[in-house]
Each structure stands twice: as C-alpha cells, then as structure tokens.
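Asker: Give me the fold of what follows.
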Amino acid sequence: MDNKIAVVAFGGNALHPEHQVGTIEEQETNASEASKAIIEIARNGYELVLVHGNGPQVGNMLIQVERAVDEVPPLPLYTCVASTQGSIGFMLTNSLRKECENLGLNKEVVTLMTTVVVDEDDPAFQTPTKPIGPFFNEDYAQQMTREKNWQVVEDSGRGYRRVVPSPVPSDILEKKAILQMVKNNNIVIACGGGGIPVMTKDNEIIGVEAVIDKDYASSLLANEIGADLYIILTGVPQVAINFGQANMQYLDTITVSEAKKLMAEGQFPPGSMGPKIEAAIRYIEAGGKEVLVTSASELDKALKRESGTYIVR
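Answerer: Numbering: from 1, shown residues only. Just a heads-up that it's a prediction; the model follows:
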C-alpha cells in the first residue's frame, strides 16, 4: 500500500528573516534548522513534497540586476524566479539529505525546476500587490518609482517595498513527474517561489513578469497530485482570532464554512494569514482532505494533533 502524501509550504522568510543580512551562510544555517523540523513529516510516514517561498531572495536578486544593468544585460523577473528555485533548492536538498542520512531514512532528495501556468487576463496584471525584496525608506522608494518605474507600497509601518503582479496559478506543467518521483520514495522540492510563471500561446511556453504566491501554488499542487495532507508552515503555532488582542483565541479545528465566515469578518488580513486560509479553502473545496497550519517548531506536536490548527471539510 502506498504511503500517504503530504505537501508542505513554507515562506522564503524562514531562510532569510528580517533581522538577518541574508548571507548564504545564514540561509544555509536556517535551511538546516528548517529541514530538522520538516523531516518529521517523513518520519510520520508521509511521502513529502516541499514548496518554498522566495520573496526576500528574488527581491534581492532584482536589486543586483538593477545595479548591474550598465555592465550585463538585465534578467526578466521570471528568470530570477528560476534562479532562486535553483539556489534555494540546492540549500534545502543538501540539508534534507543530511537529515535523511542522520535518521537512517532511505530517501533521495530532488529539486525540480517547476513551471506554473497563469492566465493573461488575470486582473493581478493590472493591480500588482505582491511585495518582494527588502524594505526601503520613502526617499529611495520615490527614487525607484521615478527612475525604474517600480510600483511601491508602504508595508504595515515597516517601510516601503516593491510590488509585482501575483496571478492565480491554473496548472503545474511538471505535476506528473512530481507524482512519479514522490511515489518512487523521493523527497521532492517543487514549485519553488510559487513556480516559474508562464503562459501558453500557440503551443509555446512564454515566461511572465510576475511572482506566484507559494501558498496558492502549493494548494494547487496538493490537489493535482492527490495529497492526503496539506501543511502550511507559518510564524505562529496555531491560527488565532482577534490576533494580538487581549481576547485572542487559538483555534484547534475549523471547517471550511467557519474559515470563510471568519475571513468575511476580517479575522485573517490579506498581508498575513489571509492567503494561507484562502489556499487551505481552495485545496479542500477542490477535493482535498485536510489542512494543517502551524509553525516549524510545533510541527512534530501538530502532526500528533497536540498543536496546530486543522482545517477540514
């Protein structure tokens, strides 16, 4: 009997948190710590597919591209996404392989370059909203708006950030290969950074200037490969209502209808928990089984249902 499949999503901030410079050495250390938590999913009997974000990394790469434009030809955004798939995948592959060896798990670890289809009529192309890269002060933000035609927004009182289109993914071109590798006892890292965004026109695959939300990409992937559990790792151990207030309440299990009601009440803001809950709802409504939202540090307990928030049909 085949093992169950779990798809787990975690953000690029897990490898490059705000308080760090973001050196490769820092990110490799963070990848090692993340892998120690993530490998518990495999130890609990699941075949594992990992989807990572790349917000800080692709934003930094775009800065490098902008500043080197007089020396080398600039790279389009979708190529930068592809590059971060490779660099982050390399770090995670190394650290996960080491954990498998330490624990005696007979598994290979594979990073797959993944292309994800979006619709050219998606309204996201008219209204960019996805923050990428570091925070800037107002003067620098205005300068980049004038000189580079960047679109910039103020982000939660923390400074200014560049925003780019974030269309909804509709298909993952490598889904069959991902499923085959998972069934052959591989841990697969796929859809890195939400996937390389592409459109299909006249039997051609064309890269797109956009960044796909890794929560939406991982939700779609979980459905397309028939995952039994979709895990969203975030900075808190459980989903909460009235977050940060005196009457804050953690949630153990909620249904899709309850999640929708809480979203309508404004409990899950667009810039934080909102996309994660929306991704969970999409997965279940498309036929998925259940979603676990928790932090990396609580993951082992959450898999035993001693922590975390489960979202069910």
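
Asker: Report the helix or strand with the lowest average pLDDT across this protein.
Answerer: strand 130-136 (a mean of 78; mean pLDDT, DSSP states H and E).

Asker: report the angle between the axes of the helix or strand following that one and strand 130-136?
Answerer: Downstream of strand 130-136, the first helix or strand assigned by DSSP states H and E is helix 138-148. Between helix 138-148 and strand 130-136, the angle formed by their directions is 120 degrees, by axes from the mean of the first three to the mean of the last three CA atoms, to 10 degrees.

Asker: residues making contact with the helix or strand that comes right after helix 138-148?
Answerer: Under the assignment DSSP H and E, the closest C-terminal helix or strand after helix 138-148 is strand 152-154. The list of residues contacting strand 152-154 from outside it, by CB atoms under 8 Å, 6 or more residues apart in numbering, reads 129, 131, 136, 141-142, 144-145, 160-163. In this view, the C-beta of every residue, glycine as well, is placed from N, C-alpha and C.

Asker: Can you tell me which of those residues are buried?
Answerer: The neighbour count (16 or more other CB atoms under 10 Å) marks 131, 136, 141, 144, 160-163 as buried among the contacts of strand 152-154.

Asker: Please give the number of neighbouring residues around A286.
Answerer: Other residues near A286 come to 12 when the count uses other CB atoms under 10 Å.

Asker: so what's it up against?
Answerer: If a contact means CB under 8 Å, 6+ apart, then A286 has N223 as its contacts.

Asker: Now Y140: closest residue in space that isn't a chain neighbour?
Answerer: Spatial nearest neighbour of Y140, excluding adjacent residues (CB to CB, 6 or more residues apart in numbering): Y160 at 7.5 Å.

Asker: ok, the one you found - contacts?
Answerer: Residues touching Y160, when contacts are defined by CB under 8 Å, 6+ apart, comprise 135-138, 140-141, 152-154.

Asker: just Y310 next, same as before
Answerer: For Y310, the contacting residues are 252-254, 290-293, taking CB under 8 Å, 6+ apart as the criterion.

Asker: Could you pull out the helices in the stretch 1-150 of the chain for me?
Answerer: Listed in chain order, the helices of the stretch 1-150 of the chain (DSSP state H, counting those that start in this stretch) span residues 24-43, 55-67, 77-103, 138-148.

Asker: helix or strand for P197, which one?
Answerer: In this assignment (DSSP H and E), P197 forms part of strand 196-201.

Asker: of the contacts of Y160, the lowest pLDDT goes to which?
Answerer: Looking at those by pLDDT, the weakest one is F135, with 80.

Asker: could you point out which element follows the strand holding P197?
Answerer: For strand 196-201, the following helix or strand on the C-terminal side (DSSP H and E) is strand 204-207.

Asker: Would you agree E66 is in contact with N149?
Answerer: No: shown here, E66 and N149 do not form a contact pair, counting by CB atoms under 8 Å, at 11.2 Å.

Asker: Quick check on the two: which one has the bigger neighbour count.
Answerer: Under the neighbour definition other CB under 10 Å, E66 and N149 were set side by side, and E66 has more, 13 against 7.

Asker: Excluding residues flanking it in the chain, which one is nearest the more buried one?
Answerer: K148 is the one closest to E66 (CB to CB, 6+ apart), at 6.3 Å.

Asker: ok, now how distant is the one you found from N106?
Answerer: Distance, K148 to N106, using CB to CB, to the nearest Å: 50 Å.

Asker: When the two are compared, which one has more neighbours?
Answerer: The residue with the greater number of neighbours, taking K148 and N106 and applying other CB under 10 Å, is K148; the counts read 12 against 7.

Asker: Per-residue pLDDT of the more buried one, please?
Answerer: So, for K148, pLDDT stands at 80.

Asker: I'd assumed R67 was in contact with it.
Answerer: No: K148 sits out of contact with R67 when judged by CB under 8 Å, with a separation of 10.7 Å.

Asker: so how far is stretch 46-58 off the chain centroid?
Answerer: Here stretch 46-58 shows a centroid-to-chain-centroid distance of 5 Å under the convention CA atoms, centre = their mean, to the nearest Å.
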